[in-house]
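Student: 3D, please:
(chains A and B)
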Amino acid sequence: MAIIGGTETTGRKVRWALLDVVVVVYALVPVLWIVSLSFKTTDTLTDGNFIPRKWTLDNYRTIFTTTEFVRALGNSIGIALISTAIAVVLGTMAAYAIARLDFPGKRALIGVSLLIAMFPQVSLVSPLFETERTLGLFNTWPGLILPYITFALPLSIYTLSAFFREIPWELEKAAKMDGATPGQAFRRVIAPLAAPGVFTTAILVFIFCWNDFVFAISLTSTSASRTVPAALSFFTGSSQFEDPAGSISAAAVVITVPIIVFVLFFQRRIVAGLTSGAVKG
Amino acid sequence: MADIVLDKVSKRYPDGALAVSDVDIEIADGEFIILVGPSGCGKSTTLNMIAGLEDITAGELRIGGARMNERAPKDRDIAMVFQSYALYPHMTVRENMAFPLRLAKVDNATVERKVNEAAKILDLTQHLDRKPANLSGGQRQRVAMGRAIVRNPKAFLMDEPLSNLDAKLRVQMRTSVSRLQKQLGTTTVYVTHDQTEAMTLGDRVVVMRGGVVQQIGAPQYLYDHPANLFVAGFIGSPAMNFVPATVEEGRLRCALGDLTLPDATRRRLEAADAPREVIMGVRPEHFEDAALLDEAARSRGALFSGQVDVLESMGSDKYAYFTLAAERASTAELEELAADAGTADVPSAGSQLITRISAASAAREGEKLQVWFDVANAQVFDPASGRNLTFSGD
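Tutor: Predicted structure coming up:
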């Protein structure tokens, strides 16, 4: 492949390498700092060294022996997975309809879903709090899953309909001519081709649900449904005079891991240009 | 295999637009029929209605004698080749071709055998395990054909299957499509906007315009006996020359001179109750360089002298272009043909005369040339209705 703007020279390589390093360092220093903090003992927490002078796994041991954290981790995983699954399934169907069909109110639907995506979450906290308390949803899993789906759906509809639009409609017609029912055409032709889009959307929705703090802190009150980001803010040291920063860092590292696993797992499924070769031009 | 009958089939879209109007076509078993016309003439809509991809608003479609209007595409047992090929990108060539058989729940051994047979016919055997993305345009086109032939359907529908190939490959594939159809003997409906494909491929050609069938017939018949101005202008390349003319006492007065009409033509014009103002059409290939003809031959036709604007030598023959003094002939049909060919906005394109003369001609650009043509080959059209007043067919 030709390099745009000139040939490959040592100078160019060095400049690019420097730029890459700057970007990576800028992005990763806060993360590494948290990792470093999580391995420090309580008395060296504030010494300002990047590499801990005394290594310890105590912080990790502490958080995993606290039922608070373990419960929260369970809540987080459950709530995020359920919300993701529902949002992606509903989003897939809605996006397919938006990309393929011309139905009355289509523009309104797209407009409203965009509106929801732009709505500041914090403005909904008090009404949601009141509504959920009346309905008995406060401090339950559905109490978090429902608003998560509401906010994740526009995101998933948008991403997915972009993917569906990329799939040539003629493939579906071809499947019909080849003897497929609409269901078979969707399952055997459209769904496999939309898979990268579905996985991408799943990752985005999962990250959104996993990271949410505003709803998690306002719509929960006990460890029955409190997710990790909310639980973290309730962390205290073993005594009230002890700095909980070490445990908080350890917990922060732990909750980052599922995201990384999730992304790495699904990234393998995201093969760019899967539809190339279907149709010419 | 089966015959296909379209009985007064119409398509009206919900917005009221009439895409196809009262189409009557009877396609015999094993026949290769071409639907041809400019874009928007309804040919693809007609094909999609046969396929079942679009609903029929009125009329009846019968395949093998059975009414098909309400049946889903999968229950009509017909295969279709799309312009874009529509290959499944996540499947190998083998899986693509096996897909219709798998859906029909055919057992593995039969699938294997049929796919290999089709691959052999289409010369795809060594590509069976590749994905469509790794194939050339011609190979993809063949896979699309393969997917259609594996299950021995009642009919093939082809929607401009060659238009995405480059010119040379298109000519090559044209002959192989023709050979394949003869070999399989399957009823085939083929849609194209290319009149060359229509002329060379079909047993019969259906010329459509604005959703209405203009004429149905064998290619040579349409060429010799166009029913109207539109068919005359569409069939043949380069297109027929159209010149405004006046009928006067058995003579045709036009920019090519005062032409004495043969008796047969005159009688037909009288029988057709021809108006005074008409449009005369002469095909470029009915002209010849007068210098190459002997006196006896010359006297049988008319002569026209003019200055050659452009001379194109094709090797096998020469195209000499003249500019005529007359206004260009202009009717709705001719405007539509010009728009389709993209020549509507080319200045003076209408008032020129194209002649196709022998390669032996000594014609030179910018010099005078006398060309001869046989008036018996001229067609006379009614400018108002477009009807061919000299139509001698049945």
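
Student: ok, now how distant is A:Gln83 from chain B?
Tutor: One thing to correct before we go on: residue A:83 is Ser, not Gln. To chain B, A:Ser83 is 29 Å away according to C-beta to the nearest C-beta, to the nearest Å. (Glycine included, C-beta is placed from N, CA and C.)

Student: helix or strand for that residue, which one?
Tutor: A:Ser83 belongs to helix A:67-100 when assigned by DSSP states H and E.

Student: give me the number of residues near B:Gln83?
Tutor: For B:Gln83, the number of neighbouring residues by other C-beta atoms under 10 Å in any protein chain shown comes to 21.

Student: how about the helices in the stretch 101-250 of chain A?
Tutor: Under the criterion DSSP state H, counting those that start in this stretch, the stretch 101-250 of chain A contains helices at A:106-118, A:125-135, A:141-166, A:169-177, A:182-185, A:191-211, A:214-218, A:228-233, A:245-267.

Student: and the ones you listed: which comes nearest chain B?
Tutor: Nearest to chain B, of all the helices of the stretch 101-250 of chain A, is helix A:169-177, at 3.8 Å by C-beta to the nearest C-beta.

Student: and the contacts of the closest one?
Tutor: The contact list for helix A:169-177 (C-beta atoms under 8 Å, 6 or more residues apart in numbering or on different chains) reads A:100, A:182, A:184-186, A:188-190, A:193, A:278-279, B:51-53, B:72-74, B:78-80, B:82, B:84, B:86-88, B:99, B:147, B:157.

Student: any weak-confidence spans in the stretch 101-250 of chain A?
Tutor: Along the stretch 101-250 of chain A, the parts satisfying pLDDT under 70 run over A:236-242.

Student: out of the contacts of helix A:169-177, which are buried?
Tutor: Among the contacts of helix A:169-177, those classed as buried by 16 or more other C-beta atoms under 10 Å in any protein chain shown are A:184-186, A:188-190, A:193, A:278-279, B:51-53, B:73-74, B:78-80, B:82, B:84, B:86-88, B:99, B:147, B:157.

Student: which members of the residues you listed are positioned in strands?
Tutor: If you go by DSSP state E, the buried ones among the contacts of helix A:169-177 have B:Ile78, B:Ala79, B:Met80, B:Leu157 in strands.

Student: of these, just say which sits nearest to B:Thr92.
Tutor: B:Ala79 (19.3 Å; C-beta to C-beta).

Student: which SS state does B:Ser21 fall under?
Tutor: Secondary structure assignment for B:Ser21 (DSSP: H, G, I helix; E, B strand; the rest coil): strand.

Student: then the one 4 residues further on?
Tutor: Taken by three-state DSSP, the conformation at B:Ile25 corresponds to strand.

Student: okay, now the nearest residue to A:Asp58 once chain neighbours are set aside: neighbour count?
Tutor: Using C-beta to C-beta, 6 or more residues apart in numbering or on different chains and skipping the chain neighbours, the partner closest in space to A:Asp58 is A:Thr41 (6.9 Å). Around A:Thr41 there are 15 other residues, counting by other C-beta under 10 Å.

Student: same check, this time on B:Ala339
Tutor: Neighbours of B:Ala339 (other C-beta under 10 Å): 13.

Student: residues contacting it?
Tutor: Contacts of B:Ala339 by C-beta under 8 Å, 6+ apart are B:Pro38.

Student: who's in contact with residue 154?
Tutor: Because you didn't say which chain, this covers chain A. A:Ser113, A:Leu114, A:Ile116, A:Ala117 are the contacts of A:Pro154 under C-beta under 8 Å, 6+ apart.

Student: other chain: chain B
Tutor: Residues in contact with B:Lys154 (C-beta under 8 Å, 6+ apart) are B:Met1, B:Ala2, B:Ile63, B:Gly64, B:Arg76, B:Asp77, B:Ile78, B:Thr186, B:Thr187.

Student: just to revisit the earlier point, dump the helices of the stretch 101-250 of chain A to JSON lines, plus distance to A:Asp58.
Tutor: Formatted as JSON lines, the helices of the stretch 101-250 of chain A follow (distance: least, C-beta to C-beta, whole Å):
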{"stretch": "helix A:106-118", "distance to A:Asp58": "42"}
{"stretch": "helix A:125-135", "distance to A:Asp58": "36"}
{"stretch": "helix A:141-166", "distance to A:Asp58": "31"}
{"stretch": "helix A:169-177", "distance to A:Asp58": "57"}
{"stretch": "helix A:182-185", "distance to A:Asp58": "56"}
{"stretch": "helix A:191-211", "distance to A:Asp58": "26"}
{"stretch": "helix A:214-218", "distance to A:Asp58": "27"}
{"stretch": "helix A:228-233", "distance to A:Asp58": "18"}
{"stretch": "helix A:245-267", "distance to A:Asp58": "8"}
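
Student: for the residue nearest to A:Asp58, what are phi and psi?
Tutor: Main-chain torsions, A:Thr41, degrees, to the nearest 10: phi -80, psi 160.

Student: tell me how far the ends of stretch A:224-235 are from each other?
Tutor: End-to-end distance of stretch A:224-235 (C-alpha to C-alpha, to the nearest Å): 16 Å.

Student: who does B:Leu157 bridge with?
Tutor: Beta bridges link B:Leu157 to B:Met80, B:Val189 when assigned by DSSP bridges.

Student: quick one: it and B:Thr46 touch, right?
Tutor: No - the criterion here is C-beta atoms under 8 Å, and B:Leu157 misses it with B:Thr46 at 10.0 Å.

Student: mutual contacts of these two, please.
Tutor: Residues touching both B:Leu157 and B:Thr46 (C-beta under 8 Å, 6+ apart): B:Val191.

Student: what's the neighbour count on B:Ile34?
Tutor: If you count neighbours by other C-beta under 10 Å, B:Ile34 ends up with 25.

Student: repeat that for B:Asp294.
Tutor: Around B:Asp294 there are 7 other residues, counting by other C-beta under 10 Å.

Student: now B:Glu95
Tutor: When neighbours are counted by other C-beta under 10 Å, B:Glu95 registers 15.

Student: what's the helix or strand for it?
Tutor: helix B:93-103.

Student: mind giving me the packing neighbours of that helix?
Tutor: Applying 3 or more C-beta pairs under 8 Å, 6 or more residues apart in numbering or on different chains; DSSP states H and E, we find helix B:93-103 packed against helix B:108-121, helix B:137-149.

Student: now mean pLDDT and distance to chain A too, for these, in CSV please.
Tutor: Below are the helices and strands packed on helix B:93-103 laid out as CSV (pLDDT from 0 to 100; distance: least, C-beta to the nearest C-beta, whole Å):
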stretch, mean pLDDT, distance to chain A
helix B:108-121, 94, 13
helix B:137-149, 93, 6
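
Student: as JSON lines, these with distance to A:Ser36 would be great.
Tutor: As requested, the helices and strands packed on helix B:93-103 are exported to JSON lines (distance: least, C-beta to C-beta, whole Å):
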{"stretch": "helix B:108-121", "distance to A:Ser36": "59"}
{"stretch": "helix B:137-149", "distance to A:Ser36": "55"}
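
Student: most tightly surrounded among those helices?
Tutor: Most buried of the helices and strands packed on helix B:93-103 by mean neighbour count (mean count of other C-beta atoms under 10 Å in any protein chain shown) is helix B:137-149; its value is a mean of 24.

Student: isn't B:Gln141 right up against B:Glu160?
Tutor: No - with contact defined as C-beta under 8 Å, B:Gln141 does not count as touching B:Glu160 (11.1 Å).

Student: which residues of chain B lie near chain A?
Tutor: Within chain B, the residues that sit near chain A (C-beta under 8 Å from any C-beta of the partner chain) are B:51-53, B:72-74, B:78-80, B:82, B:84-90, B:99-100, B:103-104, B:131-135, B:137, B:140, B:147, B:151, B:157, B:164.

Student: rewinding a little: out of the helices and strands packed on helix B:93-103, which is closest to B:Gly42?
Tutor: The nearest among the helices and strands packed on helix B:93-103, by C-beta to C-beta, is helix B:137-149 at 22.9 Å.
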